[in-house]
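J.: show me the folded form of this:
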Amino acid sequence: MKMNIRNTILPIFLLAILCAEISWKNAGAADFQAGNLAFQRQDYQGALKEWLPLARTGNANAQFNVGIILLNGLGGQRDATEAANWFRQAAEQGLPPAAGALGFMLIKGDALPQDITEGLRYLDKAAKEGDFDALMILGDLYSAGKIVSSDKPRANLYYEHAQEHAPGVPARERAHAKLTALNRDPPTALPAQDGHEVTWGTGVAVGGGNEVITANHIVKNCTRVTLDPAGQFGAEVMSRDAKNDLALLRGKPGWRAPGTAQFKPNHDFLTGESVLIAGYGSVSELSGRPPLTRSIVTGPVGVENDSRYLRLQGEIRPGNSGGPLVDKQGIVIGLVMAGLNEQGRARMGDTGKDMFFAIKADMVLLFLASQSPQTLRTDAQTGVIVDFTLPVVCWR
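T.: Next up, the predicted model:
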């Protein structure tokens, strides 16, 4: 049976067209450059006119570029069969992006008989040469476990290598986001209720008390969200910041938290600093006020020296995600985002035991200010920690 991975047509490989200019000196440099300039001004027929003669003489980069234009139907009718032919010729000459594109088409069954084994062979060939797109596709395949058997450690390695070979900051951030998501514990689940899968995390009340900031992954793909495990106090997702894993909720009319939080920007995080974490780590805690646990700052930056986050050591559980990280005065200096899952802990060894990450208050304040700076007051605290820390429940 044919299995679809995605409906889009390889737009991820377009980046390689502009990178292919490294071979200008090998053959037809002027023609190749003319094709490149035509492509940049979206004159795809002009680019094809320059690249097609070079492709016919065996220029692998030109063959790949012609394949991309035909595959995506740029400036004309799509011809995936002919695109695959050009990809194969370039791949046989050892061009990694071409091998990756052909491998993807074989796995997807796009204009070619679906051949997962052969597709993986081509993708692996490209990945071994450091091709970013091939590394990302293989990471996705082994992470999802639908086309091939799930292998999270293997997916982890592909995403790590993709970070190392990313062609720019946006690509590196994309690989980093995949790696972070893969190594995050899944949301904590409650017993199914009325046929619904129910998971939960923690949130922090802000503004006038009827807005709640939390981690976006907690409220992702929910049919409804509530601010209590019984499902009585509904909330709607007002805005999301997927890049920083943040979401802003608003309680239904009439609901208000007992207190609101104050956030402290520009906190000078020191290694060894003691902080408090509030959150609903387990089912038994959902019926009462959130417990407070002490943690230690182990680094002022996150993975890959990401300055948005800090690294901590302490006992947390998936239900703590979205909960406040507070200083000795009870002021919020960050939100708990993710702990390492079993694969992440295995990779890190002893250094990964009880490790988790929090996003700094600076990033939270930037997100809140972009929503409604007039109504979302975060400069004054109207309650103690347990008054502004709330459960966030996702019903699917």
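J.: wait, N61 sits on P96?
T.: No - taking Cβ atoms under 8 Å as the definition, N61 is not a contact partner of P96, at 11.2 Å. Any C-beta I mention is one placed from the backbone N, CA and C, and that applies to glycine too.
J.: the spatially most central residue of the chain and R154, how far apart?
T.: Residue closest to the average C-alpha location in the chain (Cα atoms, centre = their mean): A177, at 3.2 Å. Between A177 and R154 the computed distance is 18 Å (Cβ to Cβ, to the nearest Å).
J.: now do I385
T.: From I385 over to R154 (counting by Cβ to Cβ), the distance is 41 Å.
J.: just give the nearest non-adjacent residue to F269, would you?
T.: Across the structure, with Cβ to Cβ, 6 or more residues apart in numbering as the measure, the residue nearest F269 apart from its sequence neighbours is P300 (4.3 Å).
J.: what's the answer for D131, then?
T.: In space, and not counting its chain neighbours, D131 is closest to P96: 4.0 Å by Cβ to Cβ, 6+ apart.
J.: burial count for the one you found?
T.: P96 sits with 22 neighbouring residues when counted by other Cβ atoms under 10 Å.
J.: show the backbone phi and psi for it.
T.: As for P96, its main-chain torsions (degrees, to the nearest 10) stand at phi -60, psi -50.
J.: in a helix, that's where V204 is, yeah?
T.: No - using DSSP: H, G, I helix; E, B strand; the rest coil, the secondary structure at V204 is strand, not a helix.
J.: got the confidence number for it?
T.: Listed pLDDT for V204 reads 95.
J.: likewise the one 4 residues further on?
T.: Taken from the predicted model, the pLDDT recorded for G208 is 82.
J.: what do you get for F356?
T.: In the predicted model, F356 carries a pLDDT score of 86.
J.: and I385 and R154? which has more neighbours close in?
T.: Neighbours of I385 and R154, each counted by other Cβ under 10 Å, are more numerous for I385; the result is 22 against 17.
J.: for the more buried one, which residues are in contact?
T.: For I385, the contacting residues are L276, A278, P290, L292, P324, V326, G330, taking Cβ atoms under 8 Å, 6 or more residues apart in numbering as the criterion.
J.: let's see that with 10 Å instead.
T.: With Cβ atoms under 10 Å, 6 or more residues apart in numbering as the criterion, the residues that contact I385 are 204, 259, 261, 276-278, 289-290, 292, 323-324, 326, 330-332.
J.: farthest pair in these?
T.: When the contacts of I385 are compared pair by pair using Cβ to Cβ, the two farthest from each other are R289 and I331, 18.8 Å apart.
J.: just for the stretch 51-200 of the chain, where's the confidence low?
T.: Judged against pLDDT under 70, the low-scoring parts of the stretch 51-200 of the chain cover residues 183-196.
J.: helices of that one, residue ranges please.
T.: Taking DSSP state H, counting those that start in this stretch, the helices of the stretch 51-200 of the chain run over residues 60-72, 80-92, 96-108, 116-128, 132-144, 152-164, 169-182.
J.: can you convert these into a markdown table and add a column each for distance to N36?
T.: Supplementary listing: the helices of the stretch 51-200 of the chain in a markdown table, determined by distance: least, Cβ to Cβ, whole Å:
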| stretch | distance to N36 |
| --- | --- |
| helix 60-72 | 8 |
| helix 80-92 | 16 |
| helix 96-108 | 15 |
| helix 116-128 | 22 |
| helix 132-144 | 19 |
| helix 152-164 | 25 |
| helix 169-182 | 20 |
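J.: thought the residue nearest to the centre of the chain was touching R308?
T.: No - between A177 and R308 there is no contact, the gap being 11.8 Å when judged by Cβ atoms under 10 Å.
J.: which neighbours do those two share?
T.: The overlap between the contact sets of A177 and R308 (Cβ under 10 Å, 6+ apart) consists of K243, D245.
J.: so where do the strands sit in the stretch 151-300 of the chain?
T.: For the stretch 151-300 of the chain, strands defined by DSSP state E, counting those that start in this stretch occupy the ranges 188-193, 196-206, 211-215, 224-226, 234-241, 246-251, 274-278, 292-299.
J.: okay, buried residues for the fourth one please.
T.: Neighbour-count burial for strand 224-226 flags V225, T226 (criterion: 16 or more other Cβ atoms under 10 Å).
J.: from the contact counts, what lies against that strand?
T.: Applying 3 or more Cβ pairs under 10 Å, 6 or more residues apart in numbering; DSSP states H and E, one finds that strand 224-226 makes contact with strand 196-206, strand 234-241, strand 246-251, strand 389-395.
J.: what's the second one in contact with?
T.: If I follow you right, that is strand 234-241. If you take Cβ under 10 Å, 6+ apart as the criterion, strand 234-241 is touched by 203, 210-212, 214, 216, 219-220, 222, 224-228, 246-253, 255, 363-364, 366-368, 370-372, 390, 392-393, 395.
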